[in-house]
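**Q** Pasted the sequence and its predicted model underneath.
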Amino acid sequence: MKNIVVSVSLAALGTAGLHAATSASGDNPRPWGVSGTFDGFYDDNINSAADNAKLGSAHRGSTGFEVAPAISLNWPWEEGSSLSANYVYTFKYYDNKPQNTSDNYDQTHAFNLALNHSFSESYAVGLKDSLVIGQEPDFLRAGNTWATYARVSGNNIRNVGSFTLDGRLSPLLSFEFGYQNTLYRYADDAIGGTAGLLDRMEQAVHLDSRWQLLPDTTGILGYQFSDAAYTAGQPISPGYMSDARNSRSHYGYVGLDHQFQPSLSGAIRVGARLTDYYNDPTESDAISPYLQLSLHYGYAPESYVEGGVTLDRSATDLIGTGPSGITVDSETTSIYATLYHRLAPKLYGSIILQFQNSDYNGGIYNNSSEQYYTAGLNVEYKFSANLSGHIGYNYDRLESGEPLNRGFDRNRVYLGITASY
């Protein structure tokens, strides 16, 4: 499943981080680098408050500024082996204080580490870890689906660690074994808060057999076991604790990885998932479809487009208690596309588009759905190899009808500069 994960990495970054991603583009001949970004911004709905929220309370906007120093390391110490790491600290000041906070500022931290080592031509291992501490939902998510759409004040933690072992058994047959651990810890730990609903540890183990069908085509036959354990230990509804949403799942899937041409590649996984909600007597085992599809096309120097579709079950911040139990999760379809284009020798543009449809399972929200749209546009001008300016716009829209009725719009604009060495 590694190729699928790599292909959605920029979409998973979220539109809020679009300017940071594009500003980091370019080659650095040194094994290390430092940079700093300064932005001014305006956000017309800093709390992602619903359209029907009373003006002057949760539904408010703010101007402000953001300062983000960063440091990175990229060290290839031998053929097939490398170590990379980066850390970004962001200080964000709001003229109008966000909800549920005593300060006018946010601080976020993002740390990424990757270690790859080849023991031989046939065997290689990879270790990765991604730790973020922040408030925005697109910053805290793992993968390319949202469990909550609103900003959450405080030092919220999301950590994803993974291990992969790739081995080649013959010229036609290879395998990939992998383990991933994803941890969520939210600061809002009051009864009924985000922590009780979404604090969890998700673990997944997969084994893929890879068959070389053609020189440019690899067939996949795979299995994955996943476990989601909700860890807050809080009552989330009368008669239900956090761990009522615990589940264990078995995936079976087939797929293809294909290199259409040197600059165009694609991957697909299609299968089914069997989920057991073993702590909730009102929920029976559920069988649902599973899909991962991605395409990447580098159509010109320093220009590419990529996109894809995912379909799977995911966590939700809704609880929806009713006679039939609680809302345990959602069946989520996500469609995403990213375009990065060199407009002129020193001018670059980026667009991120994503759509998410969530169909909720269980409780009074059973079979209810919401649609989330997000778009980001960024233009960057490189004055020199070490200095660039950027301007951008992000738009978010949640469509949420009865009985949910929590839809909102959010517009963000920013203007800034990045210096690097």
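**A** Nice, I can see it.

**Q** Name the next helix or strand downstream of the one helix or strand residue 130 maps to, please.
**A** Assigned by DSSP states H and E, residue 130 belongs to strand 123-134. Next along the chain after strand 123-134, taking DSSP H and E as the criterion, comes helix 137-140.

**Q** Can you list the buried residues in the strand holding residue 130?
**A** 124-126, 128-134 (16 or more other Cβ atoms under 10 Å). The C-beta positions use only the backbone N, C-alpha and C, and glycine is treated the same way.

**Q** Now compare those residues and name the two farthest from each other.
**A** 124 and 134 (32.3 Å; Cβ to Cβ).

**Q** ok, now which ones touch residue 85?
**A** Counting by Cβ atoms under 8 Å, 6 or more residues apart in numbering, residue 85 makes contact with 72-73, 111-114.

**Q** ok, back up a step: helices or strands up against the strand holding residue 130?
**A** For strand 123-134, the packing partners by 3 or more Cβ pairs under 8 Å, 6 or more residues apart in numbering; DSSP states H and E come out as strand 105-118, helix 137-140, strand 156-168.

**Q** okay, the ones you listed, which one's buried deepest?
**A** Most buried of the helices and strands packed on strand 123-134 by mean neighbour count (mean count of other Cβ atoms under 10 Å) is helix 137-140; its value is a mean of 22.

**Q** Can I get it in PDB, CA atoms only?
**A** C-alpha atoms of helix 137-140 as PDB (Å, rounded to 0.1, in the frame of the first residue of the first chain):
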ATOM      1  CA  PRO A 137      -8.400  20.000  11.300                       C
ATOM      2  CA  ASP A 138      -6.500  19.700   8.000                       C
ATOM      3  CA  PHE A 139      -3.200  19.900  10.000                       C
ATOM      4  CA  LEU A 140      -4.200  17.200  12.500                       C
END
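
**Q** Mind listing the residues bridging to residue 226?
**A** Beta-bridge pairing of residue 226 under DSSP bridges involves residue 204, residue 249.

**Q** Now do it: how many residues are near it, please.
**A** 20 (other Cβ atoms under 10 Å).

**Q** Correct me if wrong: it contacts residue 201.
**A** No - checked against Cβ atoms under 8 Å, the pair residue 226 and residue 201 is beyond contact range at 11.1 Å.

**Q** Quick check: which element contains residue 394?
**A** Using DSSP H and E, residue 394 falls within strand 387-400.

**Q** Identify all contacting residues around the helix or strand just after that strand.
**A** Following strand 387-400 in sequence order, the next helix or strand is strand 408-420 (DSSP H and E). Outside strand 408-420, the residues that touch it by Cβ under 8 Å, 6+ apart are 16, 19, 23-24, 26, 28, 33-45, 48-51, 66, 149, 386-398.

**Q** cool, stretch 104-112 as well?
**A** The contact list for stretch 104-112 (Cβ under 8 Å, 6+ apart) reads 84-98, 128-136, 139, 155.

**Q** For the strand holding residue 394, enumerate the helices and strands it packs against.
**A** Counting contacts by 3+ Cβ pairs under 8 Å, 6+ apart, strand 387-400 is packed against helix 18-23, strand 369-384, strand 408-420.

**Q** just how off-centre is the last one within its chain?
**A** Between the mean C-alpha location of strand 408-420 and the chain-wide mean there is a distance of 19 Å, by Cα atoms, centre = their mean, to the nearest Å.

**Q** Each with direction, which strands does that strand pair with?
**A** Counting by DSSP bridges, strand 408-420 is paired with strand 32-43 (antiparallel), strand 387-400 (antiparallel).

**Q** So residue 305 versus residue 295, what's the distance?
**A** Residue 305 is 8 Å from residue 295, where distance means Cβ to Cβ, to the nearest Å.

**Q** Mean confidence (pLDDT) on stretch 134-148, please.
**A** Taken as a whole, stretch 134-148 has a mean pLDDT of 93.

**Q** cool, stretch 324-341 as well?
**A** pLDDT averaged over stretch 324-341 gives 96.

**Q** same thing with stretch 272-279?
**A** 96.

**Q** likewise stretch 297-309?
**A** Mean predicted lDDT for stretch 297-309 stands at 96.

**Q** list the contacts for residue 373?
**A** Residue 373 is in contact with 354-355, 395-399, counting by Cβ under 8 Å, 6+ apart.

**Q** Apply 10 Å and report the result again.
**A** Contact analysis of residue 373 by Cβ atoms under 10 Å, 6 or more residues apart in numbering lists 353-356, 395-399, 409.

**Q** Just the buried ones from those?
**A** The neighbour-count criterion (16+ other Cβ under 10 Å) marks 353-356, 396-398 among the contacts of residue 373 as buried.

**Q** looking at the sheet around residue 114, what are its partners?
**A** As for beta bridges, residue 114 partners with residue 84, residue 128 under DSSP bridges.

**Q** which regions of the stretch 101-250 of the chain lie under the pLDDT threshold?
**A** Residues of the stretch 101-250 of the chain meeting the criterion pLDDT under 70: none.

**Q** Can you show me the strands along the stretch 251-400 of the chain?
**A** Here the stretch 251-400 of the chain has its strands, by DSSP state E, counting those that start in this stretch, at 264-276, 286-300, 303-314, 329-344, 347-361, 369-384, 387-400.

**Q** possible to save the ones you listed as TSV with distance to residue 61?
**A** Output for the strands of the stretch 251-400 of the chain, formatted as TSV (distance: least, Cβ to Cβ, whole Å):
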stretch	distance to residue 61
strand 264-276	40
strand 286-300	36
strand 303-314	29
strand 329-344	27
strand 347-361	22
strand 369-384	18
strand 387-400	13
